[in-house]
Structures are given as C-alpha cells and as structure tokens.
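Colleague: Sequence and predicted structure, then a few things I'm wondering about:
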Amino acid sequence: MPTKLEALQQYFGYREFRQGQEEIIDAILSGRDTVGVLPTGGGKSLCFQLPALLMPGITLVVSPLISLMKDQVAFLAKNGICGAYLNSSLTYRQYRAALYNAKEGRYKIIYLAPERLHTPEFLEFAKQAQISMVTVDEAHCISQWGQDFRPSYLKIASFLKELPYRPVVSAFTATATPKVREDICSLLSLREPYLAVTSFYRKNLSFKIQKTQNKLYDFHELMEKYRGKSGIVYCITRKSVRQLCFALQLWGFPATRYHAGLSSEERKENQEDFISGKSPIMVATSAFGMGIDKPDVSFVIHYHMPKDLESYYQEAGRAGRNGEKADCILLYDMLDESRNRYLLYLSEEKAGLSPEMKEVVVRQNEARLQAMAFFCHTSECLNHYILRYFGEQFPTSCGTCSNCHSSFQETDITKISRKILRHLKKLPSIYEIWTLCDLFLGIIKRVRRIPFSFHEKRAYGIFKELDREWLREVVFYLVHEGYLSLAGRPNPVLSPGERAQELENRKHIVTMKMPVKPAAPKAPPVTWKPMERTKNPELFKRLFDLRIKLALERGIAPPYLILSNASLEAICERLPRTPKELLQITGVNEEKQAQYGEEFLDVVSQYVQEQGGAAKG
C-alpha cells in the first residue's frame, strides 16, 4: 500500500499538496467525518479520491451532475484508477453490468446520483459491499440555503442508516455560507466532523462591475481588449449563448459554445476545442465548467448577472488558475434581475415541491438574488463583499477591484427619497423599478393604462432634470436599506418598506455613496467611421446596435443585409416617426418595413423624446 505522498505522485502527478488538502486527507484516513469547503480551483476532488485509493473498500461519491461524473471517471481511468458511474445515462443493461463489476470488487470509486441510493438493486448491493466512505460532492445541495437545493439530497442520511455499519462520511463544496455549513453537518448527521474552510480570497483575480445601458456594444468593446486571449463568457439562457457566440465569430473571435441543449457529441467536441486552444473563447451557460481545469483562462465575463453569489464566485473562479492575473467582469443592467426572477419562477414551478417546501425555497432564492443584486450596486470593496458573504473576514481593501479603483462621494438623498416614497404611496398602478423611474423622469413611451390616472399625471416627469441611471441607483439603494420593498414573482413590484416611516421623521437623514464620474476625454475614440458623417452619432450607435441584435436573432450575416449604413445615416438625418416616413428612406422597402420597421421607429422615437422633442440638427 503506497503512502499518501507516493499515491499523490503516482496517480495525480503532484509532489506536494495544495493549501488545506493534506489536513483533510489525514482527517478522512483517521476515520473522522469531514467537511471541506474549497473554492473553485482548490483541488477538492483529490481530497476524497486519494484517501479512497488508500482505504480498503469502495468509496461512493454522491454527485448531482451526470456530465461531471463522466468526466471524473474518465480522469480516473487515465490515471490508472478503476471507477464507474451509475446514473440515468446508462441503459438498464449497462447499469446491471456496472453493478455486477462493483460486486466483483473491480471499482475503488463509484459515482452516483442521490436518487439511486434507495433503489432496491443498489440497496441490496450496498448492504453487502465493503463501503469505506460515502462522499457527498456539491454538498450545498442538501441545504435550503444552498444555491442548488435538491430534495433528493435529504435522503442521504436515511441511506446511511440502512447500511450494516456506518462508513466515514465526507462532504465537499466550493461555496458555502456559514448557514449552509451548519445544514451540511446537521442534515447528514455527521459525527464531530473535521471542518476545513480554506480562504475564498484569490489575490490574482480582479473583480469589476460594469454597468451598461447598451450591453452588446459594451461587450464588443470589452472583448477587443482580450483579443488573442482565452476566456469564458457566461450567459443565463441558451438563446443568449447562441447569439453571443455568433456575434464573436462575426467579429473575428475564435469562439465556441456550450449548453445543455446541445448534443453530448457537440458539447464534448466544443469543450475539447476550448481546452486545446483551438477555440480559446467559450460562450456558455452555467452548465459549463464543472471539472474543467484550464489554467490559462485570463478572463471570465458574465454577460448577465447570475442568480446568486455562490454561482458567480464558482464561475468567476475558473479564471487565473495558473496564478497569473485574470479579470472577472460582470456586465450589469437592471433587466438582469427581472430575467433571473423569471427563470427562478419557472424552475420553482417545475420542481414538484410541496407548497410548504416551495415557500421556503422561494424565500431563500429571493434572498440570494437580492444579495447578488446588492453586490452589483455596493460601493464597498468587491472582495470585502464576497468574503463577508461567505463568513470570512478581510481586514483591508483588495486594491484591485473596480470599486477600489473608483472615487465615491457621500450624497444626501433625503429630499428625493421622501418625494419618491410620497408619490409611490399614492400611485394606484403596480410598478417595477425601471418603469417607476421612467415615469418620474417623464420618458415613458408606452404606458400600461391610457389615459393616465390623476396621481400618475402628478408623478410624471417630477425628476426630469435627473440622470436616468442615477435615479435608478437611488431607488435601488432605498430598497437595499429597507425604505422600499421589492417583492413578487415573476415580476417584482415596489412598495413602502419596513423603514418607510423613518423617512417621515424630519430629523432622519439618508445618504449614499455615489461614484464620481471621471471627466470625459477630450478626443474619445470613434468605433466606426460612419458615425463621423452623421448629424446624430448617438442615434446612429443605437441603430447600429439594433441592427446587430436583429441579425443575431434572425441569423443574418452580414448585418448590413438588414439595412445599410447609408440607410441608417438617412434615418439619423430625417428622423422618421411613422411607417410611411420610414418607407421614404433609401433601402427600406415594404418587406423590410414589415419585418424591422417598428423596432427602428421605436429607437428613433425614444431618442427624440430624450432630446426633448427635437434632435440635434
């Protein structure tokens, strides 16, 4: 039997352990239940795979991800370790064959989904086999506070009681708050567990929140900085993955894609292309990344805000595994929260939970989404925020995140806050944050009820002198501080919050830190030359971006087949407001008017309205 160091080199090719690994392995080999919280890239798989080789019997690894099981078993095989997986991807014949081989003692490690534990065939096998350890991977799934709560994980403890003797139980996760750690220990009935939590801080990662009102345009500019480098772009929908991958290829980037809707063959091929460097940019949903250890990922961009900080930190942590400096950038707009709430609503409806359990899960999902949204608006050091969320103290600012590189000014928002609350109480309609702000700014294009009610008329345009983004920040801050409440599924609505009464006290002052915007450069770079020739460059940019968006949605390449640059410039010149006026633009025929006219006219109408009814001439 090799020693742990000999096994480390023989099977995994390493000469020494990473931080925290050896202590965890020693605890398991001594027969002690163990919980390991190691951030993405921390080598948690080795912490149970290595002791599994040194223990006399079989180790069962409970995992929720079929694709990860396959990858792990393939990795073990390459390193001369016999392993297997038992999940729904196997035919019944394959499943019976794998069980037979397990009974013959051919495997040291068996991966399986939690649903398999209580099937009669597997239970019969488990009661007769020599099981030395049961490992729970992605252990946060057992907690209702975890980002991927799975009721099937709650049955693991009852499975352990079915065994003739209790094996060592170990549990691992990359992200777990203190509450989730407590649940893991309690719900698995761990006995005086050894708890190992390595630091979540990775000094080579630079976090940045980039707020945007024109996401595709800003994404393009951002990607130009990373041309020639390897990175991952995360989206929250398959449709967005398809569109962004197409856009990157259109812009000349060697990009590929990954999401659960692709065939297993295409996913495997695209993943291999990414790892080999043939396609160094991967556009993917959260389905991509588990078990992927590509060391030279120099950036991770989140095109949409993830649903929680746990997911965000796991995905961002796939950058910079070689220790080199890497960027983690989140492109944020207000619609991200609405998208995530809707997706959470759909997943909760499909989960098949009891009404009581569903209520708990909805509440926890909302709390995590709020924490993620507050992260996008905070003025504190981003590393501070992340580490505090995971229960770790961080005494100094990181000096590398976007907030540490920004200047903030304490601003008194008491009068504006009182005015917002006063009008909100009187409004009969139900408003989301951006709709309410547009009502206050006087730039609503379409209203939900026509004509306006009396109080809607009174509220319309009361803050027309303010910046749109600034007002949204104020409203969101009031939600964060409890003066306003944002709740409801799938579309959350605003109402007075728990602290609303405090604003009625004249002595109460509300201040918030607002970023000080740097002075605009004297000669800003121009992205495309046609903008130099148009009288309304801002409108041209919006029309240009709309054209790219329409091309991505409809799979049209190149985008100028929709409308040429000359047509866009003519629209900027003449500012058509009706379908009849748009048809007078060169290059716009009746077919294009029918397909795209309304969307182009909407952009023009919005622009003219923002300019106070008259665009620059």
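Modeller: Nice, thanks for sending it over.
Colleague: ok, residue 610 touching residue 442?
Modeller: No: with contact defined as CB atoms under 8 Å, residue 610 does not count as touching residue 442 (10.1 Å). Just so you know, the C-beta spots here come from the backbone N, C-alpha and C atoms, and that holds for glycine as well.
Colleague: residue closest to the middle of the protein?
Modeller: Of all residues in the chain, the one closest to the mean position by CA atoms, centre = their mean is residue 306, 2.2 Å from it.
Colleague: Which residues are in contact with the closest residue to that residue other than its chain neighbours?
Modeller: Closest residue to residue 306 apart from its sequence neighbours, by CB to CB, 6 or more residues apart in numbering: residue 312 at 4.4 Å. Residues counted as contacts of residue 312 (CB atoms under 8 Å, 6 or more residues apart in numbering) are 302, 305-306, 330, 372, 375.
Colleague: Tell me how far residue 312 lies from residue 243.
Modeller: Residue 312 sits 21 Å away from residue 243, going by CB to CB, to the nearest Å.
Colleague: one step back: could you check which helix or strand contains the residue nearest to residue 306?
Modeller: In this assignment (DSSP states H and E), residue 312 forms part of helix 309-316.
Colleague: Quick check: residue 15 touching residue 6?
Modeller: No: between residue 15 and residue 6 there is no contact, the gap being 10.8 Å when judged by CB under 8 Å.
Colleague: more neighbours, these two?
Modeller: Taking other CB atoms under 10 Å, residue 15 and residue 6 do not tie; residue 6 has more neighbours (11 against 8).
Colleague: Would you pull up how far the helix holding residue 312 lies from the middle of the chain?
Modeller: The chain centroid and the centroid of helix 309-316 are separated by 7 Å under CA atoms, centre = their mean, to the nearest Å.
Colleague: May I see the buried residues of stretch 381-401?
Modeller: Across stretch 381-401, burial judged by 16 or more other CB atoms under 10 Å covers 381-387, 389-390, 392, 394, 398, 400-401.
Colleague: got the end-to-end distance for that stretch?
Modeller: End-to-end distance for stretch 381-401: 7 Å, by CA to CA, to the nearest Å.
Colleague: what's the neighbour count on residue 10?
Modeller: There are 12 residues near residue 10, going by other CB under 10 Å.
Colleague: May I ask which helix or strand encompasses it?
Modeller: Assigned by DSSP H and E, residue 10 belongs to helix 4-12.
Colleague: now that helix: mean pLDDT?
Modeller: Across helix 4-12, the average pLDDT comes to 88.
Colleague: Report the buried residues of that helix.
Modeller: Using 16+ other CB under 10 Å as the test for burial, helix 4-12 gives 4, 7-8, 11-12.
Colleague: ditto for stretch 588-598
Modeller: Neighbour-count burial for stretch 588-598 flags 588, 592-593, 596-597 (criterion: 16+ other CB under 10 Å).
Colleague: List of residues touching it?
Modeller: By CB under 8 Å, 6+ apart, stretch 588-598 touches 550, 562-563, 567, 579, 582-583.
Colleague: can I assume the residue nearest to the centre of the chain is in contact with residue 372?
Modeller: Yes: when contacts are counted by CB under 8 Å, residue 306 is listed as touching residue 372 (6.4 Å).
Colleague: Which neighbours do those two have in common?
Modeller: 312, 340.
Colleague: Apart from its chain neighbours, what residue comes closest to residue 480?
Modeller: Here the residue nearest residue 480, using CB to CB, 6+ apart, is residue 374, at 5.4 Å.
Colleague: mind checking the SS state of the one you found?
Modeller: Using DSSP: H, G, I helix; E, B strand; the rest coil, the secondary structure recorded for residue 374 is helix.
Colleague: Could you count how many residues lie near it?
Modeller: If you count neighbours by other CB under 10 Å, residue 374 ends up with 16.
Colleague: If I look at it, what pLDDT would I see?
Modeller: 88.
Colleague: what's the helix holding residue 10 packed up against?
Modeller: Helix 4-12 is packed against helix 21-29, helix 44-54, with contacts defined by 3 or more CB pairs under 8 Å, 6 or more residues apart in numbering; DSSP states H and E.
Colleague: among those helices, which is the most enclosed?
Modeller: Comparing the helices and strands packed on helix 4-12 by mean neighbour count (mean count of other CB atoms under 10 Å), helix 44-54 ranks first with a mean of 23.
Colleague: That helix vs helix 4-12, what angle?
Modeller: 110 degrees (axes from the mean of the first three to the mean of the last three CA atoms, to 10 degrees).
Colleague: For the closest residue to residue 211 other than its chain neighbours, give me phi and psi.
Modeller: Nearest residue to residue 211 in three dimensions, chain neighbours excluded: residue 332, at 5.2 Å (CB to CB, 6+ apart). In terms of degrees, to the nearest 10, the main-chain angles of residue 332 are phi -120, psi 130.
Colleague: residues near residue 332, how many?
Modeller: When neighbours are counted by other CB under 10 Å, residue 332 registers 21.
Colleague: Test my guess that residue 282 contacts residue 274.
Modeller: Yes: counting by CB under 8 Å, residue 282 touches residue 274, with 4.5 Å between them.
Colleague: Quick check: neighbours shared by these two?
Modeller: Common contacts of residue 282 and residue 274 (CB under 8 Å, 6+ apart): 256, 258.
Colleague: right, and residue 318 touches residue 234 too?
Modeller: No: using CB under 8 Å, residue 318 is not in contact with residue 234, being 9.4 Å away.
Colleague: So the two - more neighbours on which side?
Modeller: Higher neighbour count among residue 318 and residue 234: residue 234, with 26 against 23, using other CB under 10 Å.
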